[in-house]
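[1] For reference, the sequence and a predicted model appear below.
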Amino acid sequence: MIIDLSTRDTNAFVKQISTASLGDHSYIVVVEDEAVAIDIQRDLDRFEAVLEGIDADLKAVFETHIHNDYVSGGKRFAAEHDSMYMLPANTGATYDHTPMSDGDALGVGGWVIRAMHTPGHTHNHTSYVLESPGGPVAIFSGGSMLVGAVGRSDLLGPDDTEILLEGQYESAHRIANTLPDPSIVAPTHGAGSFCSASDVADTTSTVGLEKLRNPALIAPSLEAFALSQVMGYKQFPVYYKHMGPSNLLPLGEPPTAELRLITSLDQVDGVPIIDVRPFVEYAAGHLPGSLSFPVSTDDAVYMGWTLPWDSPVLLVGTKPEVEEIRTHLMRIGWDTIVGRIEPETLDILADGDLLTMDVVTFADLPDDLDGIVDVRDPVEHLSGVIPGSRLGHLVDVATDPEAFSGSDVLVHCQSGYRAAVAAGFIEATGANVTVIYDDLPNYRGQLTAPGM
């Protein structure tokens, strides 16, 4: 998406580059013949393509915070363009960078990018206000003010949550009280990011609109805001704990060599096998012990959440499927893919002993269901569960699949993806697993409160 900010005298625009697999957005801001970049992911080709299409020099690369949900490509992007690398002050980063304290500014094409310290998502979180000679026109708010939400304040742990919630509340009010209503709000985190509690699909907003709907601005008090935030927090991926250290010690260029084609499982003995084909293809025939993580915007998130971090993995899928998931994994710093299996060779590799799995919809099932496992988040369970369900977050199933096993197991989630992932873990215990690959609203019975 391009946001035109031009005035009568100045050509200015913002290119928003979205990363669906993370629910995040990056930005390249262009004012006349100079540009800056904000919150850049590790796969730089997308951002290089934007620069190649404009007549502007990259002056600096900014980070709003030391990211919890992805490995930044900002430092490498800055180095390749001989640009400055700007971090919030006091992050503890020991590599070469320019720290940005509250009020620090950098000129860009006759306008100014000014740092605004907005703690709340992290302690050092800093937003960047783009100012024309006439005043502020946009704020790149990272994980501070989002679209109809604010960034989560619990990612650093319970000892920090209370003070960060207070900071997030005050930061949102500072933005609202400082910037004019027409100012564009351009956050990094959006719907689909576990750093956000928002389900709003829009990727940008305005300060004026946020005054009408942002929970930090419409809450009657700090206490009410904090309570509403904590009540809505879902569990977040355990791999987040690896992102901060990776960003304080930046990873180098990701591997680009073509993956080795595996023709015998003896070549990769003991390596986890991850099947990235559509789930119906996995269900129709898959290698014993393999797990299903179909290519989607969620694949790397749930791999990083349920598998030993950065462990070597072998991928099953077509070359385009494997390359897509490889990119998603690279964005979170997972580079240890040892090879690829072509789907048409599966039967030969398994010596004709492929496993199958039943796939059904709610319409295929009787009203009385037995042996059902619900792998949604506990916050989702509060909205209602199928009577008699065993409840367990997907990560609980991956950690202890025996606890959710049985002779015949039905697995479901909200729409089917997490159920498909959980099924592979449960099947490995020897259970006969059926996946309800369907939207929960299609359930014909009456949902009940958990525990009833």
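    Structure's in. What do you need? Keep in mind it's a predicted model, so treat the numbers as computed, not measured.

[2] switch to C-alpha atoms for all contacts and neighbour counts from now on
    Fine.

[3] What confidence value was assigned to the closest residue to residue 60 other than its chain neighbours?
    Residue nearest to residue 60 in three dimensions, not counting chain neighbours: residue 84, with 4.5 Å by Cα to Cα, 6 or more residues apart in numbering. Predicted confidence (pLDDT) for residue 84: 97.

[4] Give me the neighbour count for residue 84.
    By other Cα atoms under 10 Å, the residues close to residue 84 number 19.

[5] repeat for residue 4
    Number of residues near residue 4 (other Cα under 10 Å) recorded here: 12.

[6] Same check on residue 281?
    16.

[7] Tell me the buried residues in the biggest helix by length in the chain?
    Counting residues, the longest helix found in the chain (DSSP state H) is helix 158-178. In terms of neighbour count (16 or more other Cα atoms under 10 Å), helix 158-178 has its buried residues at 161-173, 175-176.

[8] for stretch 217-229, same thing?
    For stretch 217-229, burial by neighbour count (16+ other Cα under 10 Å) applies to 217, 222, 225-226, 229.

[9] Just the ones in strands from those residues, please.
    Judged by DSSP state E, the subset of the buried residues of stretch 217-229 located in strands is empty.

[10] any idea how far the residue nearest to residue 60 lies from residue 78?
    To residue 78, residue 84 is 6 Å away according to Cα to Cα, to the nearest Å.

[11] Overlap of the contact sets of these two?
    Shared contacts of residue 84 and residue 78 (Cα atoms under 8 Å, 6 or more residues apart in numbering): 60-61.

[12] Figure out how far the longest helix of the chain is from the centre of its chain.
    Mean-position distance between helix 158-178 and its chain equals 22 Å (Cα atoms, centre = their mean, to the nearest Å).

[13] Which residues outside that helix are in contact with it?
    Residues outside helix 158-178 that contact it (Cα under 8 Å, 6+ apart) are 117-123, 144-145, 150-151, 153-155, 207-208, 211, 216-217, 222, 225-226.

[14] Filter these down to the buried ones.
    Buried members of the contacts of helix 158-178, scored by 16+ other Cα under 10 Å, are 117-123, 144-145, 150-151, 153-155, 207-208, 211, 216-217, 222, 225-226.

[15] Among these, which lie within strands?
    Among these, the members found in strands (DSSP E) are residue 117.

[16] got the buried residues of stretch 217-229 as a markdown table, with pLDDT columns?
    Formatted as a markdown table, the buried residues of stretch 217-229 follow (pLDDT from 0 to 100):
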| residue | pLDDT |
| --- | --- |
| 217 | 97 |
| 222 | 97 |
| 225 | 95 |
| 226 | 96 |
| 229 | 93 |
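
[17] Now flag whichever of those residues is closest to residue 309.
    Minimum distance to residue 309 across the buried residues of stretch 217-229 is 28.7 Å, recorded for residue 229 (Cα to Cα).

[18] can you tell me how far the closest one sits from residue 303?
    Remark: distance between residue 229 and residue 303 (Cα to Cα) = 27 Å.

[19] Could you do residue 364 as well?
    30 Å.

[20] Show me which residues of stretch 367-374 are buried.
    Neighbour-count burial for stretch 367-374 [16+ other Cα under 10 Å]: 371-374.

[21] next one: stretch 318-337
    Result for stretch 318-337 [16+ other Cα under 10 Å]: buried residues 319, 321-323, 325-337.

[22] show me where the stretch 51-200 of the chain has helices.
    Along the stretch 51-200 of the chain, counting by DSSP state H, counting those that start in this stretch, helices occupy 74-80, 158-178.

[23] Nearest approach to residue 341 belongs to which of those helices?
    With Cα to Cα as the criterion, residue 341 lies closest to helix 74-80 of those, at 31.9 Å.

[24] Just the buried residues of that closest one, please?
    For helix 74-80, burial by neighbour count (16+ other Cα under 10 Å) applies to 74-78.

[25] cool, stretch 105-121 as well?
    Neighbour-count burial for stretch 105-121 flags 105-106, 108-109, 111-121 (criterion: 16+ other Cα under 10 Å).

[26] same thing with stretch 128-139?
    In stretch 128-139, counting by 16+ other Cα under 10 Å, buried: 128-132, 136-139.

[27] okay if I get the residues you listed as a markdown table plus pLDDT?
    Output for the buried residues of stretch 128-139, formatted as a markdown table (pLDDT from 0 to 100):
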| residue | pLDDT |
| --- | --- |
| 128 | 98 |
| 129 | 98 |
| 130 | 98 |
| 131 | 97 |
| 132 | 96 |
| 136 | 97 |
| 137 | 97 |
| 138 | 98 |
| 139 | 98 |
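
[28] Make a markdown table from these and add distance to residue 313 to it.
    What follows is the buried residues of stretch 128-139, written out as a markdown table (distance: Cα to Cα, whole Å):
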| residue | distance to residue 313 |
| --- | --- |
| 128 | 39 |
| 129 | 42 |
| 130 | 43 |
| 131 | 47 |
| 132 | 49 |
| 136 | 48 |
| 137 | 46 |
| 138 | 43 |
| 139 | 40 |
